[in-house]
Structure formats: structure tokens, C-alpha cells
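> need coordinates for the following:
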Amino acid sequence: MGSLLNPYLSFDGDARQAMEFYERVFGGTLMMNTYGEFGAPDPAAADKVMHARLDTSGGFTLMGADHPPGEDYRPGNNLSVSLSGADADELRGYWAKLSEGGNVSVPLEKQMWGDEFGTCQDRFGVTWMVNISQPQG
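Next comes the predicted model:
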């Protein structure tokens, strides 16, 4: 599989309801994980959605999450572009070019779920998320 590019939506505490709504609209398979499943220290964030992915039979992929704890939610900053896949060299190359001259908020490095992940805003103000999947063992 090659790399994927898809929208990543951010919600103000209602990601579960929104993603379930999109599942009803588009059909498909919805997967969700909460901050609590990954050991979030803040009990108020435990049930919030850390990551959701809807894959539809029509070939759409829509991802989303509740805005991360401790960050301000402002309409207008609720959309990112996600690049994901297993081709580490390709995705690291995209990361290097997108982050150059921009602002890195999460360095591209191994995360608690096992993948390499990073977030940056490019020099034009577009937020990019890069996730490099690790081989399943």
C-alpha cells in the first residue's frame, strides 16, 4: 500500500458523536480510541476520542479526534491534512519538506501507540500530521 492523504477533523469534545454521524452518512467501518486507552493522566480527557478512523466502501477515509487536552479549540484550526502509510522513507521525505520553514508542534518520533508520528504547520499555515505505521508483529 502506498501513502494515504486524507482530511483529519478536530472536535471540541463531540468527536464520538460526529464520527458516528459520518458513519451513518457514508457507511463503512469506524474505529475509535480514547485518550484513556492510552493512559491519559487527566480523568476529564479519558473518554474523549484520541483518534477515530472511518473507512468507507466507497474508498473514503475520514479521521478525527477531540482537540488535545491543554490546547485551545478555535473554529478554523479544526482541520489538518494527514499523511500515513508504511513507506517510512517516502513519509520522512514529505515531513522534511513540509516542516522546513514551518513550525513543528510534535516532532516526528515514535509514539505511545508504536508508530512514528509528528505534527507541523507548513510555512503557509497548513497543519500536517504524518504517521508512519510500524510492521504488525
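
> next, work out how far apart residue 56 and residue 118 are.
Going from residue 56 to residue 118 by Cβ to Cβ, to the nearest Å gives 27 Å. For every residue, glycine as well, the C-beta is placed using N, CA and C.

> pick out whichever of those two has more residues nearby.
residue 118 (21 against 16; other Cβ atoms under 10 Å).

> give me the contact list for stretch 23-43.
For stretch 23-43, the surrounding residues in contact (Cβ atoms under 8 Å, 6 or more residues apart in numbering) are 15-16, 19-20, 22, 45-58, 60, 62, 66, 69, 112-113.

> buried set for it?
For stretch 23-43, a neighbour-count test (16 or more other Cβ atoms under 10 Å) marks 23, 28, 30, 32, 34-35, 40 as buried.

> and if you look at stretch 13-21?
15-16, 18-19.

> okay, the residues you listed in CSV with distance to residue 107 and secondary structure next?
As requested, these are exported to CSV (distance: Cβ to Cβ, whole Å; DSSP: H, G, I helix; E, B strand; the rest coil):
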residue, distance to residue 107, secondary structure
15, 24, helix
16, 28, helix
18, 28, helix
19, 27, helix
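
> in the residues you listed, find the pair that's most separated.
Using Cβ to Cβ, the pair of the buried residues of stretch 13-21 lying farthest apart is 16 and 18, separated by 7.4 Å.

> if we can go back for a sec, sort out for me which of the contacts of stretch 23-43 are in helices.
15-16, 19-20, 22 (DSSP state H).

> quick one: which of the residues you listed is nearest residue 84?
For the ones in helices among the contacts of stretch 23-43, the closest approach to residue 84 (Cβ to Cβ) belongs to residue 19, at 16.9 Å.

> residues in contact with the closest residue to that closest one other than its chain neighbours?
Distances taken as Cβ to Cβ, 6 or more residues apart in numbering put residue 52 closest to residue 19, at 4.3 Å, once the chain neighbours are dropped. Residue 52 is in contact with 15-16, 19, 30-33, 63-65, counting by Cβ under 8 Å, 6+ apart.
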